[in-house]
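[1] Dropping the sequence and predicted coords here.
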Amino acid sequence: MQFKIGDRVRFLNEKGEGFISGFVNKTTVNVRIEEGFDIPYAIDQLVTIFDQNTKIEKSGPVVQPEPVSAPSIREFIPANTEFSRGVYLLFIPESDRNMLESPLQLTIMNYTEYDVLYSLSVKRSGGYVTISSGDISAGKNNNMLLISRSELERFMNLKVDLIYYHNATHEPIPPASEMLHIKPVRFYKENNFVKNPFVQKRAFVSMVAGLSDQAGWDDVEFDPVQLERAMKQKNFSGSVKASKPHHLNDPEFEVDLHIEELVESFAGMNNAQILETQLKHCKRELEKAIDSNAKKITFIHGVGIGRLKQEIHNLLKSYDRIRFHDAPYAKYGFGATEVVLR
């Protein structure tokens, strides 16, 4: 019987199989078994399962394993002023006065409206070792460990695994698994430690995995009763103040875009009409703020399924010389966008 390198074979007189990885001599070949070892076998002690050249199955169907690509490793880059929905890792200096020498508190932040199961692993010789795992509620963080500067290099290769869930009806979010590499030199640059909406101290902050604001909303249909109820639930925490009156010389505007704040009654309005009314009001208030040289305007849009927020962001992208991000979580939950006018 003729064999070729790559042919899959089964052992004639014992359990097991593998593929031909090389030839020892005319009567003996090396067979690579599942554990990755090459074992010499006499040719007359092997039966072909799959011929590499002819692609003919000799003894029943065999499922060829798909090639598995090595997982990609992403560089851990510090965020600056953009903090959109997602899960973040924070390295928080224990001392604000000596940030470049102080031990660092490693913290995971769940900046989403979902609860999250997580595990954090660090690379060691031979693989990854899990150093922290747990459950983080929406909008909460968890301090995992305090790292001294002398130990810092041992934590430069991390793996984070995330599972999102929600007790209420929700759009499914696929699990995330990220492998991260951090350059130690980044911890010795003071401008990499920034103010952030998560903790009071400046921190080295980077997103592990983000959520798409528009995920799933194109296929959603609303029930009018549910829509009205959702509109009245103004944000994630359930309490957003109504828009305060403002004057043209106010440095900061706050605009509530919930439909019941804009019209006397929205009974009979369909989804498209409601969205159009909200966006027109958003644009009008934005241009009013620009014309009056205001410094900042905050649009309160609520959480919902994210469509209004996405449309607002699309509108904001059409303007030059402005930047925008999620408004402070402590005040608005996930239900507002802050626009800085430059």
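    Alright, I've got the coordinates.
[2] wait, Gln105 sits on Met99?
    No - using Cβ atoms under 8 Å, Gln105 is not in contact with Met99; the gap is 11.9 Å. C-beta: built from backbone N, CA, C; applies to glycine.
[3] the longest helix in the protein is where?
    Longest helix in the chain, counting residues (DSSP state H): helix 271-291.
[4] Buried residues of that helix, list them for me.
    Neighbour counts using 16 or more other Cβ atoms under 10 Å place 274, 277-279, 281-282, 285-286, 289 of helix 271-291 among the buried residues.
[5] picking up where we left off before, when Gln105 and Met99 are compared, which one has more neighbours?
    Met99 (21 against 18; other Cβ atoms under 10 Å).
[6] Neighbours of the closest residue to Thr277 other than its chain neighbours, how many?
    Excluding its sequence neighbours, the residue lying closest to Thr277 (Cβ to Cβ, 6 or more residues apart in numbering) is Leu262, at 5.9 Å. Around Leu262 sit 17 other residues, with neighbours defined as other Cβ under 10 Å.
[7] just to revisit the earlier point, what's the lowest-pLDDT member of the buried residues of helix 271-291?
    Least confident of those in the model: Ile274, at 85.
[8] So the residue nearest to Thr277 sits against Cys282, correct?
    No - using Cβ under 8 Å, Leu262 is not in contact with Cys282, being 9.9 Å away.
[9] Give me the common contacts of Gln105 and Met99.
    Applying Cβ atoms under 8 Å, 6 or more residues apart in numbering, one finds that Gln105 and Met99 are jointly contacted by Pro93.
[10] Which stretches in the stretch 201-342 of the chain count as strands?
    204-210, 252-256, 296-300, 322-326, 336-341 (DSSP state E, counting those that start in this stretch).
[11] who touches the first one?
    In this case it means strand 204-210. Here strand 204-210 makes contact (Cβ under 8 Å, 6+ apart) with 76-79, 83-92, 104, 108, 160, 162, 176, 178, 180, 186-187, 192-194, 196, 198.
[12] Return the distance of that strand from the chain's centre.
    8 Å (Cα atoms, centre = their mean, to the nearest Å).
[13] strands paired with that strand, and their directions?
    strand 86-93 (antiparallel) (DSSP bridges).
[14] How about the fourth one?
    The sheet places strand 322-326 alongside strand 336-341 (antiparallel), with pairing taken from DSSP bridges.
[15] before we move on, what about the third one?
    Strands flanking strand 296-300 in the sheet, each with its direction: strand 252-256 (parallel), strand 336-341 (antiparallel) (DSSP bridges).
[16] what's the closest of these to Ser137?
    Nearest to Ser137, of all these, is strand 336-341, at 20.1 Å by Cβ to Cβ.
[17] In space, what's closest to the most centrally placed residue in the chain - neighbours in sequence excluded?
    What sits nearest the mean C-alpha location of the chain, by Cα atoms, centre = their mean, is Ala209, with 1.7 Å. Take Ala209 and drop its neighbours on the chain: the residue closest to it by Cβ to Cβ, 6+ apart is Ala176, 3.9 Å away.
[18] Across the sheet, point out what pairs with that neighbour.
    For Ala176, the beta-bridge partners under DSSP bridges are Leu162.
[19] Next, the contact list for it, please.
    Here Ala176 is in contact with 87, 160-162, 208-209 (criterion: Cβ under 8 Å, 6+ apart).
[20] Tell me the one among those nearest to Gly126.
    For the contacts of Ala176, the nearest to Gly126 is Asp161 (18.6 Å; Cβ to Cβ).
[21] residue contacts, that closest one?
    118-119, 121, 175-177.
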